[in-house]
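K.L.:
pasting the structure only:
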């Protein structure tokens, strides 16, 4: 909001009265705001205004009796929030459960994506035959449309007719019996697998880019000192990648935590308990039980949590890009 | 780096496994799309018992796939263009100028990254409807509305990435253009934008992919004429049957152009991210 | 430059103003309908046929006929079931929706509570030919008792027990079971060597909820109190749900794999002979699509607890079906009523129900030879005699989702070999009930 009010009126309007030099200077000062204006308008329209409306909704009792004219829905004050955070009562308990599941899911998915991405990036750092092809192959999961990719996974995870059980039980004999993947406890593993499959290529892409910024001389110098390849990775590559990792982990964290498409396509409208991640849980709370006020309150809580985590993360890793402003 | 044998073998094994992980679903899509329905509904087999191309013909009739394809193309292209143009201007402003509110702006942009989409769905929908009632501009149910919606997802990331990328382009470049008599707009268009192509491509690809695959908003905000692919593909699961072979064939058909484009632009992507996200 | 900028500013201002209105607590909903657009109608049809395109093929000639008769052009949109409720909800919230729409008849009371649907008062009912044209059972599933119907019946369905003649013969069973004890006994005989007695759609919350309701009736369990409050976890409800899940957990006549079925795989399993019995609503066209011939299977009523069950426990189906509703905000109110009259006319009822394999809720149309086949006769009699509508209360659609999901989770437990006990069933149902805001 401050930004909007700080924006001076259009430079052309002020110019004539003052001298031309002044006008130029004014125009200079106004320029950044003019450049930012479209972005600001859109941010307002698509983010801040809906956000505000959402926040307002969280203070209302917005059930099916009022959705038609939600202005008439009664205010409940903090009622929706109180229900959401009473962790000894069922709704709060379910929310907490879902929150913890989401945390576990996010940590695992981001961690594994990062690990696979790093491994692939480092191993494809040096030229070898077929490298370009492999890089292309690695990017395919990221390039496939979400729905197409995830529906294929759900096809593969079918208990009786799916590839996963066929491969691990019938062919490799690694599993005893045909486990379920889309219902029950294993659904968590299924969700993590699909999520990692979809996001590790992004980590790979970023880290590949990051590796190109490391001067070759560093490796040459280390090799002269007698450092082996693993030592070089540990002593040069990993520290040089730290700034990339800071950003990458944050972005992956936010995307994974808020991901709706993957669990929704994989499990449908009601996710199994073990994979009841927060985005689906909130969807259920608002769209299935038609209690939009309560869903909005949960969303706001989630947003506050993410703001806290991100702020904490940014302070902890002291990312310098904005520090100069 | 001098490569030891152990390293080469590690590389071979790890990369092979990763490639298998990445490609298995693609293979499943392909093989299932070539099987008759009865076989797809039966136990999984690596190779089709009987090959058929029928699914590739049927997909166009079961749902109006071509129509959805066009919708998705319009929506994804529209939101990509919009978010790139807006982001380039904004990033240029942030990267090249010091002004009051700069930090507030960047922090706001960054924090909108973390807004859960589900929080937006209903408010955005209400907003669209109200704008429609007040101004007569139909946003709800229109492609324009969806384009605007997808800006939600791609704009913050785009601005953020491009600020990083523009920061990496030497200032001398555009300052030289300014002293040569170009206005700031001229300097941006003639010097900065060409230099920032990789960053712009990276951002554009991200915006396109996001819009191409989104399910939730599209399912509420579209109708018969504006439905996009991601929602339209669900049409292969009907009250009487799930046409798995057609789902797979259609998925493959809609994926091929995107994957091809993505791979063609791959070089730019790496370069774009090198300076953008990575710096 | 100044022009677009000004416009942009205007948009910001407008957006802020809208927020302000929102905070003030008033969204604008355009009026409450009227007759501003008498020449066109928008109709949202649900997916009844083999595909959305199939539905369009069925409906297009009828809509053309309606246009010839009245001069009103109907814009048709066929919406798949996964989207339909959300789209209706979106239309409710925004006031921008179709003029006429199909709804699952079990949603009638829930949608009635939102006020988005036009009530069919005595005058409107008279305009479409009167209440008496419809079968009473179908009419009972059109909204809360004592209120004007929120919709009128369009297609009716009921549950039947589909049984595989060949497999029954091979197992030496002469006739389909009439009680659950017989069903489990028969099921055991039919189970073995990759074959199973009974197929269920264990991950489909709608199917689960329907069976929970039917068995609930047989156990005299109400999922809602008389004043519409949820009571999902009464001992009788627990017994009913447990009986259903026990087909897999205890009786072992249902394949564990069924626990993840939600895409008509149980129909496939029945058609392929993997399962010998299936409880389904009008499965004929699906079975045909899967290559099963009509004389390969029989249709019997779903079993009762005892052969001589009577009164309220003599219920073996819900009143299933599709209702036709008029959106309150319609700008072609009179046209919409005309269209409802057209769709519920005896001729159209015959054509459409025959095309979809459903039963016409209009009694006059039921006599048509198209509905005289053995299986449709059975289903029709079930509908007329032993079917009861799901509770017509505002929370009904939540009941389906929540109880259906609870049963899905119980099936998952059973399939994984975890014990399904009275306590675990009660816990699951209690959890479901507590998700409801009114509990």
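P.N.:
Received, thanks. Note that the structure is a prediction, hence the values are computed from the model and not measured. Numbering: from 1, shown residues only, chains lettered A, B, ... in the order given.
K.L.:
What confidence value was assigned to residue B:209?
P.N.:
On the pLDDT scale, residue B:209 is placed at 87.
K.L.:
Would you confirm that it contacts residue B:258?
P.N.:
Yes: counting by CB atoms under 8 Å, residue B:258 is a contact partner of residue B:209 at 7.2 Å. C-beta here means a position set from N, CA and C on the backbone, and glycine is covered the same way.
K.L.:
list residues touching both of these two?
P.N.:
Common contacts of residue B:209 and residue B:258, defined by CB atoms under 8 Å, 6 or more residues apart in numbering or on different chains, comprise A:143, A:145.
K.L.:
ok, residue B:186 - contacts?
P.N.:
residue B:177.
K.L.:
Sketch out the low-pLDDT regions of chain B for me.
P.N.:
Within chain B, the stretches with pLDDT under 70 are B:1-2, B:239-240, B:274-279.
K.L.:
how about the residues of it that lie near chain C?
P.N.:
By CB under 8 Å from any CB of the partner chain, the residues of chain B that approach chain C are B:38, B:41, B:61-64, B:122, B:125-127, B:129-135, B:140-141, B:219-221, B:223-224, B:231, B:234-242.
K.L.:
Out of those, which sit inside helices?
P.N.:
B:38, B:61-62, B:122, B:125-127, B:129-135, B:219-221, B:231 (DSSP state H).
K.L.:
could you flag which of the residues of chain B next to chain C are buried?
P.N.:
B:41, B:62-64, B:122, B:125-127, B:129-133, B:140-141, B:219-221, B:223-224, B:231, B:234-242 (16 or more other CB atoms under 10 Å in any protein chain shown).
K.L.:
Keep those, but drop any that are not near chain A.
P.N.:
B:41, B:122, B:126-127, B:234.
K.L.:
mind checking the SS state of residue 160?
P.N.:
Just going to use chain A. The local conformation at residue A:160, judged by DSSP: H, G, I helix; E, B strand; the rest coil, is coil.
K.L.:
you looked at the wrong chain, it should be chain C
P.N.:
Strictly by three-state DSSP, residue C:160 counts as strand.
K.L.:
Enumerate every residue touching it.
P.N.:
C:279-283, C:299-302, C:317, C:375, C:378-379, C:382.
K.L.:
do residue C:309 as well
P.N.:
residue C:218.
K.L.:
mind putting the ones next to chain A among the buried ones among the residues of chain B next to chain C in CSV, distance to residue C:392 included?
P.N.:
As requested, these are arranged in CSV below (distance: CB to CB, whole Å):
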residue, distance to residue C:392
B:41, 37
B:122, 27
B:126, 29
B:127, 34
B:234, 30
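K.L.:
Could you give the number of residues near residue 111?
P.N.:
As the question left the chain open, I've gone with chain A. Using other CB atoms under 10 Å in any protein chain shown, residue A:111 is surrounded by 14 other residues.
K.L.:
My question was about chain C, not that one.
P.N.:
Neighbours around residue C:111, by other CB under 10 Å: 26.
K.L.:
hang on, it is in a helix, isn't it?
P.N.:
Yes: Residue C:111 forms part of a helix when assessed by three-state DSSP.
K.L.:
closest point of the stretch 301-439 of chain C to chain A, which residue?
P.N.:
residue C:434 (3.5 Å; CB to the nearest CB).
K.L.:
Was I right to think that residue contacts residue A:83?
P.N.:
No: Residue C:434 lies out of contact with residue A:83 (CB under 8 Å); the separation is 10.7 Å.
K.L.:
and for these two, which residues touch both?
P.N.:
Joint contacts of residue C:434 and residue A:83 (CB under 8 Å, 6+ apart) are A:89, A:91.
K.L.:
neighbour count winner among the two?
P.N.:
Counting neighbours by other CB under 10 Å for residue C:434 and for residue A:83 shows that residue A:83 has the greater number, 20 against 17.
K.L.:
List the contacts of the helix or strand encompassing the more buried one.
P.N.:
Using DSSP states H and E, residue A:83 falls within helix A:79-85. By CB under 8 Å, 6+ apart, the residues outside helix A:79-85 that reach it are A:58-61, A:89, A:91-92, A:95, A:293-294, A:296-298, A:300-301.
K.L.:
that older thread, for the ones next to chain A among the buried ones among the residues of chain B next to chain C, name the two members farthest from one another.
P.N.:
B:41 and B:127 (43.6 Å; CB to CB).
K.L.:
Stretch A:194-202 and chain B, any residue contact?
P.N.:
Yes: using CB under 8 Å from any CB, we find that stretch A:194-202 touches chain B at A:197, A:201.
K.L.:
Contacts for that stretch, please.
P.N.:
In contact with stretch A:194-202 (CB under 8 Å, 6+ apart) are residues A:105, A:108-110, A:112-114, A:116-117, A:120, A:138-143, A:146, A:149-150, A:153, A:252, A:255-256, A:259, A:262, A:266, B:21-22, B:25.
K.L.:
again, only this time at 7 Å
P.N.:
The contact list for stretch A:194-202 (CB atoms under 7 Å, 6 or more residues apart in numbering or on different chains) reads A:109, A:112-113, A:116-117, A:138-139, A:141-142, A:149-150, A:153, A:252, A:255-256, A:259, A:262, A:266, B:21.
K.L.:
Next, the buried residues of that stretch.
P.N.:
A:194-202.
K.L.:
What about the residues you listed, which are in helices?
P.N.:
Per DSSP H, these map to helices at A:194-202.
K.L.:
Now render these as CSV, adding pLDDT and distance to residue A:219.
P.N.:
Listed next are these as CSV, based on pLDDT from 0 to 100; distance: CB to CB, whole Å:
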residue, pLDDT, distance to residue A:219
A:194, 97, 36
A:195, 97, 34
A:196, 97, 30
A:197, 97, 31
A:198, 95, 32
A:199, 94, 29
A:200, 95, 25
A:201, 93, 25
A:202, 91, 26
